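Undergrad: what's the 3D shape of this:
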Amino acid sequence: MFESCADPKSLEGLLWFLCYLTSGKHLLFYTSIGTVLLLLVITAPIALSFGFAGAMAARSPLPPLRWLGKAYSSMVRGVPDIIFFLFVPIAMDQGFEYVRHRLKCPDWSQPVWQGNDFVVCPAAKLPLSTSPQWIHESYSFFLAVLAFSIVFGAFAANVLFGAMRAVPRAQMETAEAYGMTHRQSFWRILVPQMWVYALPGLSNLWLILVKASPLLFLLGVRDIVYWARE
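TA: Purely as a prediction, here's the structure:
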(Lines give C-alpha, C1' and ligand atoms only; values in the text may rest on other atoms or scores of the structure.)
Protein backbone atom coordinates (compact mmCIF):
# COMPACT_ATOMS: atom_id res chain seq x y z
CA MET A 1 0.00 0.00 0.00
CA PHE A 2 2.90 2.34 0.80
CA GLU A 3 6.05 2.62 -1.28
CA SER A 4 8.16 2.25 1.84
CA CYS A 5 6.63 -1.17 2.45
CA ALA A 6 8.35 -2.45 -0.70
CA ASP A 7 11.79 -2.12 0.90
CA PRO A 8 12.19 -4.77 3.65
CA LYS A 9 15.31 -3.08 5.02
CA SER A 10 13.38 0.06 5.94
CA LEU A 11 10.68 -1.79 7.85
CA GLU A 12 11.29 -1.23 11.52
CA GLY A 13 9.06 -0.76 14.54
CA LEU A 14 5.79 1.04 13.87
CA LEU A 15 6.32 1.18 10.10
CA TRP A 16 6.56 -2.62 9.92
CA PHE A 17 3.36 -2.94 11.95
CA LEU A 18 1.59 -0.41 9.71
CA CYS A 19 2.64 -2.24 6.55
CA TYR A 20 1.54 -5.54 8.05
CA LEU A 21 -1.93 -4.21 8.89
CA THR A 22 -2.40 -2.79 5.38
CA SER A 23 -1.58 -5.98 3.48
CA GLY A 24 -4.05 -7.37 0.97
CA LYS A 25 -5.60 -9.93 3.29
CA HIS A 26 -5.97 -7.43 6.09
CA LEU A 27 -7.77 -5.00 3.78
CA LEU A 28 -10.13 -7.79 2.76
CA PHE A 29 -10.63 -8.56 6.45
CA TYR A 30 -11.65 -4.94 7.05
CA THR A 31 -14.14 -5.00 4.17
CA SER A 32 -15.66 -8.20 5.58
CA ILE A 33 -16.72 -6.19 8.63
CA GLY A 34 -18.91 -4.17 6.28
CA THR A 35 -20.33 -7.42 4.89
CA VAL A 36 -21.40 -8.52 8.36
CA LEU A 37 -22.89 -5.11 9.17
CA LEU A 38 -24.78 -5.13 5.88
CA LEU A 39 -26.19 -8.56 6.70
CA LEU A 40 -27.38 -7.34 10.11
CA VAL A 41 -28.98 -4.21 8.66
CA ILE A 42 -30.86 -6.18 5.99
CA THR A 43 -31.75 -9.21 8.11
CA ALA A 44 -33.17 -7.36 11.12
CA PRO A 45 -36.22 -5.77 9.39
CA ILE A 46 -36.89 -8.88 7.28
CA ALA A 47 -36.76 -11.13 10.35
CA LEU A 48 -39.04 -8.72 12.20
CA SER A 49 -41.50 -8.88 9.29
CA PHE A 50 -41.42 -12.69 9.35
CA GLY A 51 -41.92 -12.59 13.10
CA PHE A 52 -44.85 -10.21 12.89
CA ALA A 53 -46.50 -12.36 10.24
CA GLY A 54 -45.88 -15.48 12.34
CA ALA A 55 -47.33 -13.85 15.46
CA MET A 56 -50.42 -12.69 13.55
CA ALA A 57 -50.86 -16.19 12.14
CA ALA A 58 -50.54 -17.71 15.63
CA ARG A 59 -53.38 -15.41 16.82
CA SER A 60 -55.60 -16.13 13.83
CA PRO A 61 -59.12 -17.49 14.48
CA LEU A 62 -58.62 -19.82 11.51
CA PRO A 63 -57.22 -23.12 12.86
CA PRO A 64 -54.99 -23.98 9.83
CA LEU A 65 -53.38 -20.54 9.88
CA ARG A 66 -52.99 -20.64 13.65
CA TRP A 67 -51.37 -24.08 13.47
CA LEU A 68 -49.02 -22.85 10.75
CA GLY A 69 -47.92 -19.84 12.79
CA LYS A 70 -47.28 -21.88 15.92
CA ALA A 71 -45.54 -24.65 13.98
CA TYR A 72 -43.20 -22.14 12.31
CA SER A 73 -42.20 -20.62 15.65
CA SER A 74 -41.83 -23.91 17.51
CA MET A 75 -40.12 -26.02 14.85
CA VAL A 76 -37.57 -23.47 13.67
CA ARG A 77 -36.63 -22.49 17.23
CA GLY A 78 -36.18 -26.16 18.08
CA VAL A 79 -33.57 -26.79 15.37
CA PRO A 80 -29.94 -25.94 16.28
CA ASP A 81 -28.77 -22.93 14.30
CA ILE A 82 -25.70 -24.61 12.85
CA ILE A 83 -27.81 -27.50 11.49
CA PHE A 84 -30.30 -25.06 10.01
CA PHE A 85 -27.58 -23.02 8.29
CA LEU A 86 -25.91 -26.16 6.94
CA PHE A 87 -28.95 -27.81 5.38
CA VAL A 88 -31.74 -25.27 4.79
CA PRO A 89 -29.80 -22.97 2.40
CA ILE A 90 -28.76 -26.05 0.40
CA ALA A 91 -32.39 -27.15 0.24
CA MET A 92 -33.52 -23.67 -0.84
CA ASP A 93 -30.80 -23.55 -3.50
CA GLN A 94 -31.85 -26.93 -4.87
CA GLY A 95 -35.50 -25.88 -4.77
CA PHE A 96 -34.77 -22.74 -6.82
CA GLU A 97 -32.71 -24.76 -9.30
CA TYR A 98 -35.40 -27.44 -9.60
CA VAL A 99 -38.06 -24.84 -10.47
CA ARG A 100 -35.77 -23.29 -13.07
CA HIS A 101 -34.96 -26.78 -14.36
CA ARG A 102 -38.65 -27.54 -14.93
CA LEU A 103 -39.20 -24.22 -16.69
CA LYS A 104 -36.05 -23.97 -18.81
CA CYS A 105 -35.41 -27.63 -19.64
CA PRO A 106 -38.78 -29.37 -20.12
CA ASP A 107 -37.22 -31.91 -22.52
CA TRP A 108 -34.61 -33.09 -20.00
CA SER A 109 -34.95 -36.88 -19.79
CA GLN A 110 -32.44 -37.73 -17.05
CA PRO A 111 -33.56 -37.93 -13.41
CA VAL A 112 -32.72 -34.98 -11.19
CA TRP A 113 -31.48 -37.23 -8.40
CA GLN A 114 -28.64 -39.47 -9.54
CA GLY A 115 -27.48 -41.29 -6.45
CA ASN A 116 -26.37 -38.64 -3.98
CA ASP A 117 -25.95 -36.01 -6.70
CA PHE A 118 -28.51 -33.34 -7.55
CA VAL A 119 -28.18 -32.77 -11.31
CA VAL A 120 -30.05 -30.11 -13.30
CA CYS A 121 -29.46 -28.76 -16.78
CA PRO A 122 -26.70 -26.12 -17.07
CA ALA A 123 -29.22 -23.37 -17.83
CA ALA A 124 -30.96 -23.96 -14.49
CA LYS A 125 -27.88 -23.61 -12.30
CA LEU A 126 -27.86 -20.75 -9.81
CA PRO A 127 -25.81 -18.79 -10.42
CA LEU A 128 -24.67 -19.64 -13.93
CA SER A 129 -21.08 -20.81 -14.28
CA THR A 130 -20.47 -17.96 -16.73
CA SER A 131 -21.63 -15.34 -14.23
CA PRO A 132 -19.03 -12.97 -12.77
CA GLN A 133 -17.69 -13.54 -9.27
CA TRP A 134 -19.75 -10.77 -7.68
CA ILE A 135 -22.97 -12.55 -8.72
CA HIS A 136 -21.80 -15.76 -7.05
CA GLU A 137 -21.00 -13.83 -3.87
CA SER A 138 -24.31 -11.93 -4.01
CA TYR A 139 -26.24 -15.18 -4.38
CA SER A 140 -24.49 -16.67 -1.33
CA PHE A 141 -25.25 -13.47 0.56
CA PHE A 142 -28.92 -13.69 -0.49
CA LEU A 143 -29.17 -17.26 0.84
CA ALA A 144 -27.51 -16.15 4.07
CA VAL A 145 -29.98 -13.29 4.55
CA LEU A 146 -32.90 -15.60 3.84
CA ALA A 147 -31.65 -18.27 6.27
CA PHE A 148 -30.95 -15.76 9.05
CA SER A 149 -34.34 -14.10 8.50
CA ILE A 150 -36.23 -17.39 8.74
CA VAL A 151 -34.43 -18.43 11.93
CA PHE A 152 -34.63 -15.14 13.77
CA GLY A 153 -38.10 -14.48 12.40
CA ALA A 154 -39.26 -17.53 14.37
CA PHE A 155 -37.72 -16.12 17.56
CA ALA A 156 -39.26 -12.72 16.83
CA ALA A 157 -42.65 -14.38 16.27
CA ASN A 158 -42.48 -15.89 19.74
CA VAL A 159 -41.54 -12.53 21.29
CA LEU A 160 -44.26 -10.61 19.45
CA PHE A 161 -46.89 -13.24 20.19
CA GLY A 162 -46.17 -12.88 23.90
CA ALA A 163 -46.20 -9.08 23.60
CA MET A 164 -49.61 -9.15 21.92
CA ARG A 165 -50.99 -11.30 24.70
CA ALA A 166 -49.53 -8.95 27.31
CA VAL A 167 -51.73 -6.04 26.18
CA PRO A 168 -54.78 -6.03 28.49
CA ARG A 169 -57.80 -7.60 26.85
CA ALA A 170 -60.02 -4.93 28.41
CA GLN A 171 -58.56 -2.32 26.06
CA MET A 172 -59.54 -4.36 23.02
CA GLU A 173 -63.03 -4.86 24.42
CA THR A 174 -63.36 -1.14 25.11
CA ALA A 175 -62.32 -0.31 21.54
CA GLU A 176 -64.90 -2.73 20.17
CA ALA A 177 -67.53 -1.23 22.50
CA TYR A 178 -66.82 2.17 20.94
CA GLY A 179 -67.62 0.72 17.53
CA MET A 180 -64.18 -0.20 16.24
CA THR A 181 -63.90 -3.28 14.10
CA HIS A 182 -61.51 -6.07 15.06
CA ARG A 183 -59.09 -4.87 12.39
CA GLN A 184 -59.20 -1.28 13.65
CA SER A 185 -58.70 -2.26 17.29
CA PHE A 186 -55.78 -4.49 16.29
CA TRP A 187 -53.88 -1.79 14.42
CA ARG A 188 -54.84 1.21 16.58
CA ILE A 189 -54.88 -0.32 20.07
CA LEU A 190 -52.94 -3.58 20.16
CA VAL A 191 -50.01 -2.97 17.80
CA PRO A 192 -48.90 0.44 19.19
CA GLN A 193 -48.91 -0.84 22.78
CA MET A 194 -47.34 -4.25 22.24
CA TRP A 195 -43.92 -2.76 21.40
CA VAL A 196 -43.47 -1.73 25.03
CA TYR A 197 -43.61 -5.40 26.00
CA ALA A 198 -41.69 -6.61 22.93
CA LEU A 199 -38.65 -4.31 23.09
CA PRO A 200 -36.75 -6.18 25.84
CA GLY A 201 -37.09 -9.48 23.99
CA LEU A 202 -36.26 -7.92 20.63
CA SER A 203 -33.14 -6.25 22.04
CA ASN A 204 -31.94 -9.62 23.33
CA LEU A 205 -32.73 -11.13 19.95
CA TRP A 206 -30.62 -8.45 18.25
CA LEU A 207 -27.65 -9.40 20.43
CA ILE A 208 -28.15 -13.07 19.56
CA LEU A 209 -28.24 -12.17 15.86
CA VAL A 210 -24.94 -10.30 16.18
CA LYS A 211 -23.35 -13.24 18.01
CA ALA A 212 -24.64 -15.69 15.36
CA SER A 213 -23.08 -13.77 12.46
CA PRO A 214 -19.89 -15.96 12.48
CA LEU A 215 -22.07 -18.73 11.02
CA LEU A 216 -21.91 -16.83 7.73
CA PHE A 217 -18.78 -18.68 6.67
CA LEU A 218 -20.82 -21.92 6.58
CA LEU A 219 -22.76 -20.43 3.66
CA GLY A 220 -19.69 -19.50 1.65
CA VAL A 221 -19.78 -15.80 2.52
CA ARG A 222 -16.34 -14.29 3.05
CA ASP A 223 -17.01 -12.75 6.43
CA ILE A 224 -14.77 -11.91 9.39
CA VAL A 225 -14.34 -15.56 10.39
CA TYR A 226 -13.35 -16.54 6.85
CA TRP A 227 -10.55 -13.99 6.60
CA ALA A 228 -9.46 -14.54 10.21
CA ARG A 229 -8.84 -18.20 9.33
CA GLU A 230 -6.87 -17.13 6.28
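
Undergrad: So which residues of the chain form helices?
TA: For the chain, the helices defined by DSSP state H cover 14-21, 24-58, 63-78, 81-104, 133-166, 169-177, 182-185, 191-212, 224-229.

Undergrad: Throw these into a markdown table and include distance to residue 110, thanks.
TA: C-beta: built from backbone N, CA, C; applies to glycine. Shown next, in a markdown table, are the helices of the chain (distance: least, CB to CB, whole Å):
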| stretch | distance to residue 110 |
| --- | --- |
| helix 14-21 | 52 |
| helix 24-58 | 37 |
| helix 63-78 | 34 |
| helix 81-104 | 11 |
| helix 133-166 | 25 |
| helix 169-177 | 58 |
| helix 182-185 | 51 |
| helix 191-212 | 39 |
| helix 224-229 | 35 |
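
Undergrad: do you know which of those lies nearest residue 125?
TA: Minimum separation from residue 125 across the helices of the chain (CB to CB) falls at helix 81-104, 6.3 Å.

Undergrad: Distance of residue 103 relative to residue 192?
TA: Distance, residue 103 to residue 192, using CB to CB, to the nearest Å: 44 Å.

Undergrad: With adjacent residues omitted, what lies nearest to the residue nearest the centre of the chain?
TA: Taking CA atoms, centre = their mean, the centroid of the chain lies closest to residue 148, which sits 2.3 Å from it. Ranked by CB to CB, 6 or more residues apart in numbering and with sequence neighbours excluded, the top spatial neighbour of residue 148 is residue 43, at 4.5 Å.

Undergrad: residue contacts, residue 92?
TA: Residues near residue 92 by CB atoms under 8 Å, 6 or more residues apart in numbering: 143, 146, 147.

Undergrad: What is the burial count for the closest residue to residue 160 other than its chain neighbours?
TA: Of all residues not flanking residue 160 in the chain, residue 55 sits nearest, at 3.8 Å (CB to CB, 6+ apart). By the measure other CB atoms under 10 Å, the count of residues near residue 55 is 24.

Undergrad: hang on, isn't residue 55 packed against residue 155?
TA: No. Checked against CB atoms under 8 Å, the pair residue 55 and residue 155 is beyond contact range at 11.2 Å.
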